[in-house]
Each structure stands twice: as C-alpha cells, then as structure tokens.
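**Student:** Please work out how this folds:
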Amino acid sequence: MKIQRIVWLVGRILYYVLLISLLAVVIYTLSHDLFLPGLIIGCVFILVLYKGLICVKIPAYSVAVRDGSVVFFFPEPTVRNRFDFVSRGQTIVELPHYDLLDQPYKVEIFAPDGEGGIHACRLTLHLDYHLEPEALQRAYDSIVLHQEKLSLEVRRLLLKSSSRLVCRPVPLQGEDAVQEYLEPLVTELNRGLESVGLKIEEAGCSFTTGSTLARLVATGQELAEKEVAGSVSDDGR
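**Tutor:** Model (predicted):
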C-alpha cells in the first residue's frame, strides 16, 4: 500500500513538472512571435491538461466510494471523467495489491503423527479479492481500519484459522488425494478471511514427517503469531 502511494505521488509530481514546462515553453514562444511552434505546443499543453486533470485513469481492482460505502467496482483499468465522480461525491480507492496479494502466504500446520513423531503440512496460499458487493465493502473497511498493517492482519487471520483446523493423516501421493486433503483446510481458512474481503484463489502444500521439525521464522510471521497468542489468551479469560 505504501508503494502504491509512492508511485501515485511520483506520477503526480512528474505530471505537474511536465505541465509547468509546457506552459513555460508556450509563453516563451508566443512572447518571441513564434506563433506556429507556440500553437503546436499549446495544443500539446491542452491535451496534457485534459488527460491529467479532467480524465482520471482508474487502475484495476479499484472501487468508487461515497460516504464510506462502496458503490461501484472496476475490475479492469479504465479512463473516466473526473468531474463525474466529483459531482456525485465519490472518490476512487485502489484496493491494495503490493505486499498483500503479490506474493503467496505460507502457513505451516504441525501435528503429532500418533507414533511419537511429527508431521507438518506447509501451505502456499495465493489470495484474491471477493467480487461480491458485501465482500468489497468489507475489503474497503479493512483498508480504512488496518491501513499499512493490513498484510499483518491477514497473516494473523490465517494463523488464527489454522489453529482451529483438525489435522488428518498425510495423504498418499497423487494430485487428487492432495486436493481432497486441502478442501476442508481451504474452506476453514476462507471463513477466517471473510472479514477482510479476501479468499484463497489457489492453494498448494507439501508434507514433512520426522521426530523433530525446525523452521526459520520471518519478522512478520513472528508478530502475527504473537498477536494470535495474545488474542487466544484474552479469549481464555
């Protein structure tokens, strides 16, 4: 989300620099009686002004919001008249993608194998937005509520849902067996993601079994696990 804001800010700065430069060239050419070059550059200036201020480029996965309510969803990039939205009191909000959907989430589920050992299911989850109006509203509300910490909230929800999963024996080899194993897991994880308007678009997994299993934990994962542990202890009170 922070990257999206930086890209937008840099784009607006470059646009205004171009606009001011063209205006300066127009004034210079006209003041030196260079009518034809001034006319050509003036037309370019008007075109740039129209494209940048009157037209608004709406990226894919954006929503039109009025009074905190989502009224329209843009699944594909499009160009609209800015004043149409202003006259209706609407603003355009791009649903976050960077650091939220551009990389898979990895969740590990550990359970005893019944024979003194441990087996682990390592899930690789690719997320996407639900496109129903109610889900889009929840997605927008979660952006307002969590802002830059939305990615961490998604990890927390995945971990919290994973703690409720009932582990089963590791499936035999075969794509059908793995998909059958994943189906109830994905259903439970999707139930937890409903509050932020997301769903699992694609899931994969790998299995490991041994007497002892170790892993390296990233900072974001550690923070999410601490928040989940804190919420579980609060519920226990």
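**Student:** CA atoms for contacts and neighbours, from now on please.
**Tutor:** Will do.
**Student:** For Ala75, list the residues it contacts.
**Tutor:** Careful, residue 75 is Pro and not Ala. Ala60, Tyr61, Ser62 (Cα atoms under 8 Å, 6 or more residues apart in numbering).
**Student:** and Leu185, how many residues sit next to it?
**Tutor:** By other Cα atoms under 10 Å, 20 other residues sit near Leu185.
**Student:** Is it in a helix, a strand, or coil?
**Tutor:** Per DSSP: H, G, I helix; E, B strand; the rest coil, the secondary structure class of Leu185 is helix.
**Student:** Could you report the neighbour count for the residue lying closest to it once chain neighbours are set aside?
**Tutor:** Nearest residue to Leu185, sequence neighbours excluded (Cα to Cα, 6 or more residues apart in numbering): Leu165, at 6.8 Å. By other Cα under 10 Å, 14 other residues sit near Leu165.
**Student:** try Leu198
**Tutor:** 22.
**Student:** and what of the one 4 residues further on?
**Tutor:** Using other Cα under 10 Å, Glu202 is surrounded by 12 other residues.
**Student:** do Thr29 as well
**Tutor:** Neighbours of Thr29 (other Cα under 10 Å): 17.
**Student:** ok, it - contacts?
**Tutor:** Thr29 touches Phe35, Pro37, Gly38, counting by Cα under 8 Å, 6+ apart.
**Student:** quick one, domains of this protein?
**Tutor:** 1-55, 59-94, 105-236 (automatic domain parsing).
**Student:** ok, which stretches of the chain are strands?
**Tutor:** 55-58, 62-66, 69-74, 78-81, 91-94, 105-112, 118-129, 198-210 (DSSP state E).
**Student:** Those into CSV, with extra columns for mean pLDDT and distance to Leu150?
**Tutor:** Putting the strands of the chain into CSV (pLDDT from 0 to 100; distance: least, Cα to Cα, whole Å) gives the following:
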stretch, mean pLDDT, distance to Leu150
strand 55-58, 82, 22
strand 62-66, 91, 17
strand 69-74, 90, 18
strand 78-81, 85, 26
strand 91-94, 87, 14
strand 105-112, 82, 13
strand 118-129, 87, 13
strand 198-210, 86, 11
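**Student:** Distance from the chain centre to the longest helix along the chain, please.
**Tutor:** Looking across the chain with DSSP state H, the single longest helix is helix 2-31. Its chain's C-alpha centre and that of helix 2-31 lie 29 Å apart, by Cα atoms, centre = their mean, to the nearest Å.
**Student:** Start at 51, not 1
**Tutor:** Sure thing, new numbering starts at 51, so read that last one as helix 52-81.
**Student:** For that helix, buried residues please.
**Tutor:** By 16 or more other Cα atoms under 10 Å, the buried positions in helix 52-81 come out as Tyr65, Leu69, Leu72, Leu73, Val75, Val76, Thr79.
**Student:** Among these, which one lies nearest to Leu150?
**Tutor:** Tyr65 (27.8 Å; Cα to Cα).
**Student:** Give me the nearest residue to that closest one, chain neighbours excluded.
**Tutor:** Tyr65 sits nearest to Gly102 (Cα to Cα, 6+ apart), 7.3 Å away.
**Student:** My guess is the one you found contacts Ile63. True?
**Tutor:** No: at 11.5 Å, Gly102 does not count as touching Ile63 under the criterion of Cα atoms under 8 Å.
**Student:** got any ranges where the chain has weak pLDDT?
**Tutor:** 51-55, 58, 164, 216-223, 263, 265-287 (pLDDT under 70).
**Student:** Give the bridge partners for Asp144, please.
**Tutor:** Quick fix: residue 144 is Glu, not Asp. Ser112 (DSSP bridges).
**Student:** Might one say that it is in contact with Lys107?
**Tutor:** No: taking contacts as Cα under 8 Å, Glu144 lies outside contact range of Lys107: 11.1 Å.
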